[in-house]
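> Give me the fold of what follows.
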Amino acid sequence: MPLPNFLCVGAQKAGTTTLYDILIQHPQIYLPDIKETKFFNERYDKGISFYEQFFSSYKGEKVIGEIDPDYMFFEVNSVATRIYKHLGKDLKLIFMLRNPVDRAYSQYWMNVRRGIEKEPFDKAIALESQRIRKNLFSKHNFSYISRGQYASQIKIFLEFFPIENMFFIIFEEDFIKNREKTIKNLLEFLDVEDVELNLNIKSNSANMPKIKFLQNIIYAPDSTLKKIGKVILPSEEVRRKTLKFLEKINLRSFRYPKMDESLRNYMMEEYFINDIKELETLIGRNLEYWYR
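Numbering: from 1, shown residues only. The predicted structure is shown next:
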C-alpha cells in the first residue's frame with residue numbers, strides 16, 4: 001500500500017483546511033477523505049498498517065499526501081522521528097505559518113465555539129503553562145502560545161529533512177494576498193501539473209453554535225453521547241464524521257471581537273518576538289510585518 005510522499009504538518013489555524021480543499025481537487029494529488037489521521041501523534045500504537053488504510057482508495061495519482069497541523073506541534077516520542085522512519089528522507093514538507101498572535105486568538109475563539117474554553121482570552125494565556133501539563137486533551141486545546149513558537153518546531157524537522165524539502169506558506173502574505181502565485185509554486189514544488197483549481201475557498205470561517213448544549217456534548221472528552229456512539233457506531237471514522245456533521249448543522253456565522261492592542265503588543269514582546277527573528281533566519285523570509 002502506498003504512503004505519503006508529502007505532508008503539510010501545520011500550523012493550526014493557518015489555513016490548512018482551505019489548502020486541503022484546494023489540493024484535493026487536483027487529479028494528480030491523492031489526499032485521504034479524512035483530512036487529519038492523527039496517526040503520527042495520537043494513533044501511532046495502532047501500527048503502520050492502520051495508517052495505510054487511509055490511502056486504500058489510491059488510484060495511481062502522481063503524489064500522495066496528508067494534511068495534519070498537529071504533526072508540527074506535537075513532539076511526543078518525536079513525531080518527526082516517526083515520520084522520517086516510515087516516510088523517508090525524501091519526503092516533502094509544507095509549513096503554513098500565521099502571525100502567532102492572530103493564530104492564538106483564532107484558536108481561542110474556536111475553543112469558545114466548541115464550548116471547551118470558559119476563560120477570557122488574557123486569563124487563558126496566563127493559564128497555558130499549567131494547563132497543557134495536565135493531559136493530551138489540554139495540550140491539544142489550550143496551547144495558544146506554544147503552537148505559535150514556530151522556530152523551535154521547525155528546527156526539530158530540520159534534524160531529519162533538508163530545507164530544500166520544505167515549502168513555507170505565510171498565511172497573510174502568501175495565502176491571503178497572493179494565493180494564485182503561491183499555489184502555482186506549490187504545485188511546482190510537488191512536481192505536478194499546473195491545472196486550474198477553484199482557489200476561492202474559505203474553509204473553517206468564524207462561527208458559533210446555535211445550541212451551546214449540543215456543542216458542549218460534541219467536544220466534551222468523555223460525554224455520554226460519545227460513550228453511546230461507541231456502542232452504536234463501532235467505527236472510529238464513522239463516529240468522527242457523524243460528530244463533524246452534527247457540528248456543521250449546529251453552526252451560525254460569527255465575527256469575533258477585535259483583540260485589545262495592548263494585549264497584542266504584550267504577547268508579541270513577551271512570547272513571540274525572539275522566536276520570529278530566529279524563524280526569519282531559518283526560512284530566509286522577512287516577517288517584520290508580524291511585529292513592527
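> And the helices in the stretch 151-292 of the chain?
Ranges of helices within the stretch 151-292 of the chain are 179-190, 212-219, 224-232, 236-249, 261-267, 273-283, 288-291, based on DSSP state H, counting those that start in this stretch.
> need the least confident one among those, by mean pLDDT.
Note on the helices of the stretch 151-292 of the chain: helix 212-219 shows the lowest mean pLDDT, a mean of 56.
> Tell me where the stretch 101-250 of the chain is predicted with low confidence.
Scanning the stretch 101-250 of the chain for pLDDT under 70 picks out the ranges 203-237, 239-250.
> Backbone dihedrals for Glu66, please?
phi -140, psi 150 (degrees, to the nearest 10).
> Which strand residues bridge it?
Using DSSP bridges, the bridge partners assigned to Glu66 are Leu7.
> what number of residues lie near it?
26 (other Cβ atoms under 10 Å). Yep, even glycine has a C-beta here, placed from its N, CA and C like the rest.
> Tell me which residue lies nearest the centroid of this structure.
Pro69 (2.4 Å; Cα atoms, centre = their mean).
> Any figure for the gap between that residue and Lys89?
With distances taken as Cβ to Cβ, to the nearest Å, Pro69 is found 23 Å from Lys89.
> next one: Lys62
Taking Cβ to Cβ, one finds Lys62 at 20 Å from Lys89.
> same question, Gly65
17 Å.
> More neighbours: which of these two?
Neighbours were counted for Gly65 and for Lys89 using other Cβ under 10 Å; Gly65 has more, 22 against 9.
> just checking, the more buried one touches Ile29?
Yes. Using Cβ atoms under 8 Å, Gly65 is in contact with Ile29, at 6.5 Å.
> where do the contact lists of those two overlap?
Common neighbours of Gly65 and Ile29, counting by Cβ atoms under 8 Å, 6 or more residues apart in numbering, are Leu23, Leu190.
> How about the backbone phi and psi for the closest residue to Glu172 other than its chain neighbours?
Nearest residue to Glu172, sequence neighbours excluded (Cβ to Cβ, 6 or more residues apart in numbering): Asn99, at 6.3 Å. Main-chain torsions, Asn99, degrees, to the nearest 10: phi -40, psi 120.
> Show me where the chain has its strands.
Assigned by DSSP state E, the strands in the chain fall at 6-10, 29-30, 63-67, 92-97, 166-170, 207-209, 251-253.
> Reformat these as TSV; add distance to Thr17.
Shown next, in TSV, are the strands of the chain (distance: least, Cβ to Cβ, whole Å):
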stretch	distance to Thr17
strand 6-10	10
strand 29-30	16
strand 63-67	8
strand 92-97	10
strand 166-170	13
strand 207-209	13
strand 251-253	14
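> Let me know which of those strands is the nearest to Ala124.
When the strands of the chain are compared by Cβ to Cβ, strand 207-209 sits nearest Ala124, at 17.2 Å.
> who's in contact with the nearest residue to Phe74 once chain neighbours are set aside?
Spatial nearest neighbour of Phe74, excluding adjacent residues (Cβ to Cβ, 6+ apart): Asn41 at 4.0 Å. With contact set as Cβ under 8 Å, 6+ apart, Asn41 has these partners: Asp68, Asp70, Tyr71, Phe74, Val76, Val79.
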